[in-house]
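[1] Quick one, fold the following:
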Amino acid sequence: MKVFELSRRGFMKGVLAAGAAPLVIPSGVLYGAAAPSNRVNLASIGVGGQGSGNFGTLLQPDWIRVVAVADCFKDRRETRAKQADEKYGANVCTPYQDFREILARPDVDGVVCSTPDHWHHGVTVLAMQAGKDVYCEKPLSLSINDNKDLLETARRYGRVFQYGTQQRSSSHIRIGCELVRAGVLGKISRVEVDAPAGSAGGGSLEPAPVPEGLDYDRWLGPSRDRPYTSDRCSSSGSYFSSDTSIGFIAGWGAHPLDVMTWALGDGPDSVPVSFEGTGVFGKGLFDTCATWDVKGRFANGVEFVFKHGGDRTTFIGERGRINISRGALTADPGSLLREPLPPRRTPLRANTTGFHHTADFAQCIKTREAPCSPIEAAYHSDNISHLSLIAIKTGRKIAWNAEKQTIVGDEEAVRMMGRKIARYPYVV
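    A predicted model of the protein is given here:
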């Protein structure tokens with residue numbers, strides 16, 4: 001199969017040369033906002049692991065149609081396409097080996113990107129350039145500079161973006177963040193964030209034959225050119241290898257850190273301005289940061305602590321503490337949860353679809369509203385993971401300039417804001 005250049009200029013030049021102008025126009029515009037079916041056509045890119053779960057949520061609302069799936073594993077994409085067709089009772093969903101063929105379809109309104117982490121940036125950028133709205137799993141990308149690029153791309157092309165921090169679609173988490181924003185704790189002095197630890201190591205580094213039905217070169221994509229091993233394309237290989245990820249400090253840390261930034265306003269001030277910490281890295285294929293202990297401060301002097309452990313965000317203030325986790329909302333004293341919210345306020349966005357976080361994304365494709373987890377929020381919360389890891393790797397205190405959105409006073413740390421592996425031809 002011919003391999004195409006994936007650069008932005010090459011991609012768009014090819015599109016224009018082919019006369020495919022409708023590529024940049026979503027079907028909702030082509031056929032009217034109130035199309036007869038009133039359906040949103042989505043494509044699912046990456047349908048193994050987390051992608052399998054996301055795919056299942058897309059089949060639930062009857063106003064969503066999954067018309068295409070893409071995956072480097074033949075059995076995965078064909079199985080999911082068959083599952084969709086059985087759901088709809090017709091041949092509706094087409095499987096693809098190359099996700100870019102989906103982007104050339106004018107009937108696809110948006111894509112759900114659930115690929116391994118190293119493909120998040122490339123899939124999202126190319127999809128937005130092709131006029132598609134994007135739901136992307138966490139972490140946002142593998143570097144702060146790529147995060148900046150995604151933010152700028154979404155703004156440039158006016159795309160709806162939903163981050164895969166699905167806890168924002170949980171009512172108890174939204175209420176907890178509303179209470180913190182309303183000031184029920186009084187002056188906040190400290191925020192503690194816990195996330196599950198990563199892998200302590202392991203994973204085979206022994207080269208092995210590439211399984212039949214796997215497009216391994218495309219799976220590697222923009223990451224380092226590494227031989228296939230029995231564990232590299234597994235879930236653990238995707239989550240815990242530094243070739244394709246920065247580990248659970250971002251892959252799971254995204255959830256409780258996102259709760260923190262949501263409660264603190266979702267803006268530049270929701271990101272600490274100093275970071276220092278230690279961490280232990282795994283050995284073997286699974287070599288990302290396994291455990292970490294990071295401390296810092298916000299611009300207003302509030303302390304920040306980010307450690308491995310459970311899955312919780314705790315706000316400590318003059319009047320007590322509020323603990324927000326996926327499973328519960330608690331407070332000490334409990335009366336804090338019964339505090340009335342200010343009558344004149346702008347409430348945080350709620351997922352009103354009655355379905356999963358992905359449905360909130362699909363609804364916003366129709367309304368053009370900002371979803372529960374917009375790109376600006378994703379940008380700020382994901383940067384915290386990267387800044388924490390940079391502090392760990394350098395062994396120094398890192399200073400973050402919120403106005404300039406860059407590290408200051410440390411040239412090596414500034415260089416670590418970028419990750420330009422850029423394996424040809426998968427350059428975006």
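
[2] number of nearby residues for the residue nearest to residue 185 when sequence neighbours are not counted?
    Nearest non-adjacent residue to residue 185, counting by Cβ to Cβ, 6 or more residues apart in numbering: residue 317, 2.9 Å away. Heads up, the C-betas are built off the backbone N, CA and C, glycines and all. By other Cβ atoms under 10 Å, 19 other residues sit near residue 317.

[3] Does residue 317 touch residue 179 like I think?
    No: applying Cβ atoms under 8 Å, one finds residue 317 not in contact with residue 179, separated by 10.7 Å.

[4] Pull out the buried residues from stretch 175-184.
    Neighbour counts using 16 or more other Cβ atoms under 10 Å place 175, 176, 177, 178, 179, 180, 181, 184 of stretch 175-184 among the buried residues.

[5] typo on my end, stretch 205-216
    In stretch 205-216, counting by 16+ other Cβ under 10 Å, buried: residue 214.

[6] how about that stretch as PDB, C-alpha atoms only?
    As requested, the backbone C-alpha atoms of stretch 205-216 are provided in PDB (Å, rounded to 0.1, in the frame of the first residue of the first chain):
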ATOM      1  CA  LEU A 205      11.900  -5.900  24.500                       C
ATOM      2  CA  GLU A 206      12.600  -9.000  22.400                       C
ATOM      3  CA  PRO A 207      11.900  -8.500  18.700                       C
ATOM      4  CA  ALA A 208       9.100 -10.700  17.400                       C
ATOM      5  CA  PRO A 209       7.200 -11.200  14.100                       C
ATOM      6  CA  VAL A 210       4.500  -8.700  13.400                       C
ATOM      7  CA  PRO A 211       1.100 -10.400  13.700                       C
ATOM      8  CA  GLU A 212      -1.000 -10.900  10.600                       C
ATOM      9  CA  GLY A 213      -3.600  -8.200  10.200                       C
ATOM     10  CA  LEU A 214      -1.600  -5.500  12.100                       C
ATOM     11  CA  ASP A 215      -0.300  -2.400  10.200                       C
ATOM     12  CA  TYR A 216       2.600  -2.000  12.500                       C
END
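
[7] gap between that stretch and the chain center?
    Mean-position distance between stretch 205-216 and its chain equals 27 Å (Cα atoms, centre = their mean, to the nearest Å).

[8] same thing with stretch 130-141?
    7 Å.

[9] Please apply the same query to stretch 107-122.
    On Cα atoms, centre = their mean, the centre of stretch 107-122 falls 10 Å from that of its chain.

[10] what's the span of that stretch, first residue to last?
    End-to-end distance for stretch 107-122: 21 Å, by Cα to Cα, to the nearest Å.

[11] show me what contacts residue 48?
    With contacts taken as Cβ atoms under 8 Å, 6 or more residues apart in numbering, residue 48 has the following neighbours: 71, 73, 76, 235.

[12] go again using 7 Å as the cut-off
    71, 73, 76 (Cβ atoms under 7 Å, 6 or more residues apart in numbering).

[13] from what I can see the first one touches residue 81, true?
    No: here residue 71 lies out of contact with residue 81, judged by Cβ atoms under 7 Å, at a distance of 9.8 Å.

[14] who's more crowded, the two?
    residue 71 (30 against 24).

[15] List phi and psi for that one.
    phi -160, psi 150 (degrees, to the nearest 10).

[16] ditto for the one 10 residues further on
    When read as degrees, to the nearest 10, the backbone of residue 81 gives phi -60, psi -40.

[17] gap between it and residue 214?
    Distance from residue 81 to residue 214, counting by Cβ to Cβ, to the nearest Å: 17 Å.

[18] same thing with residue 409?
    Counting by Cβ to Cβ, the gap from residue 409 to residue 214 is 45 Å.

[19] repeat for residue 339
    Distance, residue 339 to residue 214, using Cβ to Cβ: 54 Å.

[20] and if you look at residue 179?
    Using Cβ to Cβ, residue 179 is found at 48 Å from residue 214.

[21] same question, residue 229
    12 Å.

[22] just residue 141 next, same as before
    24 Å.

[23] ok, which stretches of the stretch 151-300 of the chain are strands?
    161-163, 188-195, 274-281, 289-297 (DSSP state E, counting those that start in this stretch).

[24] and the ones you listed, which is most packed in?
    strand 161-163 (a mean of 29; mean count of other Cβ atoms under 10 Å).

[25] And that strand, what does it pack against?
    With contacts defined as 3 or more Cβ pairs under 7 Å, 6 or more residues apart in numbering; DSSP states H and E, strand 161-163 has these neighbours: strand 133-136, helix 375-394.

[26] which secondary structure elements does the shortest one contact?
    Using 3+ Cβ pairs under 7 Å, 6+ apart as the contact definition, the elements that strand 133-136 packs against are strand 110-113, helix 120-129, strand 161-163, helix 357-367.

[27] Out of the ones you listed, indicate the one that is most buried.
    Of the helices and strands packed on strand 133-136, the one with the most neighbours on average (mean count of other Cβ under 10 Å) is strand 161-163, at a mean of 29.

[28] Partner strands of that strand and their direction?
    Sheet pairing of strand 161-163 (DSSP bridges) gives strand 133-136 (parallel).

[29] Give me the contacts around the partner strand.
    Counting by Cβ under 7 Å, 6+ apart, 109-113, 120, 124, 127-128, 159-164, 358, 361, 365 sit against strand 133-136.

[30] Put the alpha carbons of that strand into CSV.
    What follows is strand 133-136, C-alpha atoms only, in CSV (Å, rounded to 0.1, in the frame of the first residue of the first chain):
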residue,chain,number,x,y,z
ASP,A,133,-15.0,18.2,15.1
VAL,A,134,-13.0,16.1,17.5
TYR,A,135,-13.4,14.1,20.7
CYS,A,136,-10.0,13.1,21.9
